[in-house]
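# Based on what follows, work out the 3D shape:
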Amino acid sequence: MVKKVIEDVKAFLRGFGEAFKHQSTEYIEFEERELENVFALILMGSFIGIPSPPTTLVVRLMPHMVREIYVMQQRAVNLDDIFGEIAGMFDID
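Numbering: from 1, shown residues only. I've put the predicted structure just below:
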């Protein structure tokens, strides 16, 4: 009987830990997407009126920016509500 209770508690704690890992990973992925977006906006700031870095730097980084440009285009098409997404992640009603 005691062994069963101990096993149940261990299973509960394992599940509890997995839930925290999943939620933490979700937050980190969201932050990574936002940082990539900010980086792309800094490099491509001339499109929205922000003074851009030197052209030679932008041209050298351009081949590495293919994914970020695609993400920027998708965000412009979808026009996500960033505050709504954050509120959904933190379960704010």
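# so who does the residue most central in space within the chain touch?
For the chain, Phe30 is the residue whose C-alpha lies nearest the centre (CA atoms, centre = their mean; 1.9 Å). By CB atoms under 8 Å, 6 or more residues apart in numbering, the residues touching Phe30 are 85-86, 89. Glycine gets a C-beta too; all of them are placed from N, C-alpha and C.
# Three-state assignment for Gly49, please.
coil (DSSP: H, G, I helix; E, B strand; the rest coil).
# Name the residues of stretch 32-52 that are buried.
Of the residues in stretch 32-52, 40, 43-44, 52 count as buried by neighbour count, 16 or more other CB atoms under 10 Å.
# mind putting these in a markdown table, pLDDT, distance to Val5 and secondary structure included?
Formatted as a markdown table, the buried residues of stretch 32-52 follow (pLDDT from 0 to 100; distance: CB to CB, whole Å; DSSP: H, G, I helix; E, B strand; the rest coil):
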| residue | pLDDT | distance to Val5 | secondary structure |
| --- | --- | --- | --- |
| Ala40 | 77 | 53 | helix |
| Leu43 | 75 | 58 | helix |
| Met44 | 74 | 59 | coil |
| Ser52 | 71 | 63 | coil |
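# Could you pull up phi and psi at Asp91?
Main-chain torsions, Asp91, degrees, to the nearest 10: phi 50, psi 50.
# For it, report the pLDDT, please.
pLDDT, Asp91: 72.
# Check Val2 too.
pLDDT, read off for Val2, is 83.
# Number of residues surrounding it?
When neighbours are counted by other CB atoms under 10 Å, Val2 registers 6.
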